[in-house]
Structures are given as C-alpha cells and as structure tokens.
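S.K.: I'll drop the sequence and a predicted model, then ask my questions.
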Amino acid sequence: MAGQSGGRVKIQYPARVRLAQLPTPLQPLDNITAHYSVPYGGPKIWIKRDDLTESAMSGNKLRKLEFILAEARARGCNTLITCGGEQSNHCRATALAAAKAGLQAHLILRKETAGKPEADAVPDGNLLVDYLAGARVSRYPLREYLNNLSQLFEYWSEHYQQQGDRALCIPTGGSDGLGIWGYLLATEELLEDCDAAGFRPERIVCASGSGGTQGGLTLGCQLLESAAEVVGYAVCDDAAYFVSKVAEDVRDWQSRYPHSFTFDESRIHVVDDYIGPGYAIATEEIYETIALAAQLEGILLDPVYTGKAFYGMLQDIKRGQFAHCENLVFVHTGGQFGVFPQRSGFRNSWS
C-alpha cells in the first residue's frame, strides 16, 4: 500500500466518505510553552487541532469513520453497531455520521450511572447527542457489558439480519486494521503541517484509550520514514496492554492490506503513570490542567482523554523527559462534550 514517488513515500488509501473538515490546524502553544516548558528546558509545544474535524462529529473518531463508512457502503450495510461507555466520543460521532450518511446506528453502551435511579439519569454530554441523532441505545451494567460484549454484538447483528437489514460491527473506538487508516492519513497531514511551519517534530503525543489513534500515528511515522517518536499517554489500561493493542491493530492492517512493510514494534511508546483512579475518573490536577489550557490558550480539553494526556505531558516536561526535544506536537483528539457531565469536578479549577 506504499511506494516511492519522487523520493517521497506515497500511501495508497482505500475508499473513504468525506466527513471531516481537513486539514485541521497546527498551532503553537506559545503561552503554555513559555510558562510550563521553557523554564524546564523543554520543547516548543504545538497542538494539532483534531477537535476541529467537525462541529458536532468532532474529534479523532471522525477520521476513522470516513474509512469505516466507506467499508459499510461497500458491503451493502445500512446499519452501524458499535460500543463504548455512556460518554463515548466514538459512539456519539458514529451516531451523527450514520445520520448524515442515511444509515441506522445502534450503540451498545456500558452504564456509568450505577446506583442512580434510571428516571433520574437525565442524558447529558455525548449520551444526549446520541439520542438527538436518532441512534438506538442499549445500555448494559458494567459486568454484563464486559463479560458478554462479543455476544451482544452477535445478538444485535442477527436481530437486524432477521429484519432484512445488514449491520457492520465496529469495535471500541473504531480501532482496528480498518480504522487505523484514519490516522495514517492524519500522520501524512501532520508531517506536511510541520514542514510548512519549518520544523520536524521529535515527539508526537496523544491520549490512548482504545489504541487506534496511537497505532495510526506510529505506523504512519514508520511508513512515511519520519524519525518522530509517538508517545501515547494511557487513560485506562497499562502500558503493556497498549503496546500489545497497537501491535495487534497493525498486524490486522497488514493482513487486510498485504505489502512488504516491516513494522518496528520497539517504536511503540506508552506512558501509564497518569491514569489516576481509573478510566473517566479525573483528579483535581486534571480539572486544573483543563482550566489552565482554557485560560492560557483558549483551548478546551476533556477530563477523560486529552486532559489526562496533557497533564502527563506537562509533568514529564518538568521531569526532563523531553529535554532533548526541540518541537513536540500534542494531538488534540477532541472530547469536549465530556466536560459537561463532569461539571461538578470543576468547582475549584478556575481559581
């Protein structure tokens, strides 16, 4: 799927449905760099604004969905089934993308309101948008979701088949050998942005929740022969899990699109020091970091993904982890709808 063209690697992409507003901007974070990097001998910090891929469908998932929707059309599917937590950015983007494409969306969601009466659980954030987009939502208790997810996919897929419909099942976060194309294309775009800005990035940082974005960036840098090292900041599972998951997604990609490329798994870098109490559970430091980015740069991070990754990155800059790096690019993967369900956590952050 890759070849040489005029001394430059040329990637041959499969079909995609254009949904995102691309290219997204690459911007310097001058104020944060001055206050939180330069004093520690750290790099100039840039941000790739993939929160601006679109308004409602915003975020990193939309890049993956462009290729996933094309695959759904190629297979003659009229329904998309996917899964995630109640505040899943991926599920929200899938619901809206399906609506735009004239498809049905069915979301298998993990309940996050344990102990709260259903009548009082008013939809908020991403979940509210899921309903507004017309998606069918099936919510399951945590244990049932974790233990029976594959069976739930099978059940609902068969349900639609019996109705005369055909469903495409999309894994968590759209992260597999198909979805990885989204961030192969993003890597090419990002490196072109950096060239235009007159620098080559030594580090590319992102949050890792399902591994697909990190996988695409890591694979993309190798395919495009960039020396940039991708660093994923885990927001849930440990480093060993994400190293395995990224490698698995790349192997899946290689099996679907055979070629002679050899992937170097030693270039999968994961930091799992800033997960905190668990997935989607933020600490006071995360809320303060989100307020910091808003107050210094006018950029809104989220408490589940980008807030944790950005906080971890700043802590590692202070600790000298990026001391030999001149330019670092943080990939903003979106998630702003996730701010609102956690509004109570921000009580002290703006002070």
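M.R.: That came in fine, so what should we check first?
S.K.: I'd like the next helix or strand past the host helix or strand of Ala196.
M.R.: For Ala196, the host element (DSSP states H and E) is helix 181-197. Toward the C-terminus, helix 181-197 is succeeded by strand 203-208 as the next helix or strand (DSSP H and E).
S.K.: now the residue nearest to the spatial centre of the chain: how far from Tyr13?
M.R.: In the chain, the centroid-proximal residue (Cα atoms, centre = their mean) is Asn60; its distance is 4.6 Å. Asn60 sits at a distance of 17 Å from Tyr13 (criterion: Cβ to Cβ, to the nearest Å). Any C-beta I mention is one placed from the backbone N, CA and C, and that applies to glycine too.
S.K.: likewise for Arg347?
M.R.: From Arg347 to Tyr13 the distance is 46 Å (Cβ to Cβ).
S.K.: out of everything not next to it in sequence, what's closest to Glu192?
M.R.: Of all residues not flanking Glu192 in the chain, Pro23 sits nearest, at 7.7 Å (Cβ to Cβ, 6 or more residues apart in numbering).
S.K.: before we move on, what SS does that neighbour have?
M.R.: coil (DSSP: H, G, I helix; E, B strand; the rest coil).
S.K.: same thing with Val137?
M.R.: At Val137, secondary structure determined by three-state DSSP is strand.
S.K.: circling back: ok, the residue nearest to Glu192 touching Glu189?
M.R.: Yes. When contacts are counted by Cβ atoms under 8 Å, Pro23 is listed as touching Glu189 (4.9 Å).
S.K.: can I take it that Cys325 is in a helix?
M.R.: No. Read with three-state DSSP, Cys325 is coil and lies in no helix.
S.K.: count the neighbours of it for me.
M.R.: For Cys325, the count of nearby residues is 19 (other Cβ atoms under 10 Å).
S.K.: do the same with Val17
M.R.: 17.
S.K.: would you mind measuring from it to Leu103?
M.R.: Taking Cβ to Cβ, one finds Val17 at 10 Å from Leu103.
S.K.: between these two, what contacts are shared?
M.R.: Leu69 (Cβ atoms under 8 Å, 6 or more residues apart in numbering).
S.K.: could you break the protein into its assigned domains?
M.R.: 2-58+177-346, 61-174 (automatic domain parsing).
S.K.: can I get those domains in JSON lines including mean pLDDT?
M.R.: Converted to JSON lines, those look like this (pLDDT from 0 to 100):
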{"stretch": "domain 2-58+177-346", "mean pLDDT": "95"}
{"stretch": "domain 61-174", "mean pLDDT": "93"}
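S.K.: quick one: the strands in the stretch 101-250 of the chain?
M.R.: Using DSSP state E, counting those that start in this stretch, the strands of the stretch 101-250 of the chain run over residues 104-110, 136-140, 167-169, 203-208, 229-234.
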